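Enquirer: Sequence and predicted structure, then a few things I'm wondering about:
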Amino acid sequence: MCTGKCSWVVGVGLWPLALTCTICNLLLCFPDWDTQYVQGGGRLLTPEVLYLGGLVGGGAMILIPAIHIQATGWQGCCGNRCGMFLSILFALVGVAGSVYAVSVSALGLVNGPLCQVREANGSLSTWAQPFRSQSYLFNTSTWDACVNPPGVIRFNVILFSLVLVAALMELLLCGVQVLNGLFGCLCGTCNKKQDR
């Protein structure tokens, strides 16, 4: 496959991944499908949700490079050596965004959700992240510790995992584009038009 066609494939592959990260981050703002947790500046949301790893890192910082990387695969203004060089720079922006999304989603999985915990005497306590100091991901018997919002642990685990997987795939595709752009910059894009 020539470097221009590879750029087009990478660009097309980045779009659904960026959309996945963005949607998952937005959904994380509404645990239990309720808007009450967003009110008050999001003080009842898990802090890692507010870092916007999926929206900014895996979303916006991937969509912008995806546009140029995909355009590099077309014949015309971007399908030349200069366009391939620029695709390397844009792919590096995508690498930075995907690393940010991976970091934030991994922290969200490790630290666990912000939730209201039931005390030993049966009363509800203040909001906290009860799993910050212990592993909870594979010990589902501890998931009952969170009372409000209902099902927040499963909700966060699923959505942060989706962001993590999508961001890792974005990282892979952007890394491939860095190498592809380097080859395209040095060797040309294989387009029928003469490289400039």
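Expert: Done, it's in. Numbers count the residues shown, from 1 in each chain.
Enquirer: list the contacts for the residue most central in space within the chain?
Expert: Taking Cα atoms, centre = their mean, the centroid of the chain lies closest to G58, which sits 3.2 Å from it. G58 makes contacts with 17-18, 20-22, 25, 97-98, 100-101, 163, 166-167, 170, as judged by Cβ atoms under 8 Å, 6 or more residues apart in numbering. Using the backbone N, CA and C atoms, a C-beta is placed for each residue, glycine as well.
Enquirer: could you redo those residues as TSV and give each row distance to L114, secondary structure and pLDDT?
Expert: Shown next, in TSV, are these (distance: Cβ to Cβ, whole Å; DSSP: H, G, I helix; E, B strand; the rest coil; pLDDT from 0 to 100):
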residue	distance to L114	secondary structure	pLDDT
L17	27	helix	96
A18	26	helix	95
T20	23	helix	96
C21	21	helix	96
T22	22	helix	96
N25	16	helix	95
G97	25	helix	96
S98	25	helix	96
Y100	21	helix	97
A101	20	helix	96
V163	17	helix	96
A166	23	helix	97
A167	22	helix	96
E170	26	helix	96
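Enquirer: buried set for the worst-scoring helix or strand of the chain on mean pLDDT?
Expert: Using mean pLDDT, DSSP states H and E, strand 124-128 stands out as the lowest-scoring helix or strand of the chain, at a mean of 80. Buried residues in strand 124-128, counted by 16 or more other Cβ atoms under 10 Å: W127.
Enquirer: From the contact counts, what lies against the next helix or strand after that strand?
Expert: Proceeding N to C from strand 124-128, the next assigned helix or strand is strand 146-148, under DSSP states H and E. If contacts are counted by 3 or more Cβ pairs under 8 Å, 6 or more residues apart in numbering; DSSP states H and E, strand 146-148 sits against strand 115-118.
Enquirer: how about the CA coordinates for the strand it packs on, as CSV?
Expert: Coordinates of each C-alpha in strand 115-118 appear next as CSV, following Å, rounded to 0.1, in the frame of the first residue of the first chain:
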residue,chain,number,x,y,z
CYS,A,115,-20.1,8.1,45.1
GLN,A,116,-22.1,8.2,48.3
VAL,A,117,-21.1,5.4,50.7
ARG,A,118,-23.2,3.8,53.4
